[in-house]
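# Below: sequence and its predicted model.
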Amino acid sequence: MTTATTTAPTASSILASGAYRRFQIAAWVTGTVLAFMTVVGLPWKYLLGHGESLWYAIGWQLHGLLFMVYLLTVLDLAIRARWAPLRIVLVGVAGTIPFMSFVFERRITAELHAGSAQR
C-alpha cells in the first residue's frame, strides 16, 4: 500500500499556470463592466431618468454572465493554490463590489510575486 504525497504548489508554479492568467483576465473584464455599469449605467437610468434602455439591460446581463465566469476562474485558482474557504468567498464576492476585483487581483498578484521571489 502506497500513500501519495503531494507537495504544496509554489508561487512560481501558480504564476505560470493558465489558471492564474484566466483569473487575471476575468477579474479585469468583470470589474470593468461592473464599473462602467455603476458609473455610467446607474446615473443614466436614475439621475437622467432614461428608464430601461436596451444597452442598460444588456450591460447588466453581460456582467452576470461574466461574473459566473469570474467565479469559475476564482474556484480554479483557489483549488490549485489551496486557498482557505474564507479567502475563496472573499475573492468571489469581490466581483460584486465595484472596483474590488481590481484590488483583489492586484493583492493576489503581489502575494504570488513576493512568494516566488523568496524561493
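The structure has been received and is ready for your questions. Residues are numbered from 1 along each chain as shown.
# out of everything not next to it in sequence, what's closest to G59?
M37 (4.8 Å; C-beta to C-beta, 6 or more residues apart in numbering). To be clear about C-beta, it is placed using only N, CA and C from the backbone, and glycine gets the same treatment.
# Which pLDDT does the model give the one you found?
M37 is assigned 94 on the pLDDT scale.
# now swap in Y70 and tell me
97.
# How far does the helix or strand containing it sit from its chain's centre?
In the assignment (DSSP states H and E), Y70 maps to helix 54-81. Centre-to-centre, helix 54-81 and its host chain are 8 Å apart (C-alpha atoms, centre = their mean, to the nearest Å).
# picking that back up, does the residue nearest to G59 count as helix, strand or coil?
Three-state assignment for M37 (DSSP: H, G, I helix; E, B strand; the rest coil): helix.
# tell me the contacts of it?
Residues in contact with M37 (C-beta atoms under 8 Å, 6 or more residues apart in numbering) are Y56, G59, W60, H63.
# thinking again about what came up before, pull out the buried residues from the helix holding Y70.
Across helix 54-81, burial judged by 16 or more other C-beta atoms under 10 Å covers 56, 59, 62-63, 66-67, 70-71, 73-78, 80-81.
# still on that earlier bit, would you convert the contacts of M37 into a markdown table that also reports pLDDT and distance to I108?
As requested, the contacts of M37 are arranged in a markdown table below (pLDDT from 0 to 100; distance: C-beta to C-beta, whole Å):
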| residue | pLDDT | distance to I108 |
| --- | --- | --- |
| Y56 | 90 | 31 |
| G59 | 92 | 26 |
| W60 | 93 | 26 |
| H63 | 95 | 21 |
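# of those residues, closest to T10?
Nearest to T10 among the contacts of M37 is H63, at 34.0 Å by C-beta to C-beta.
# wait, the closest one sits on A35?
No. Counting by C-beta atoms under 8 Å, H63 does not reach A35; the two are 9.9 Å apart.
# Alright, I will stop here.
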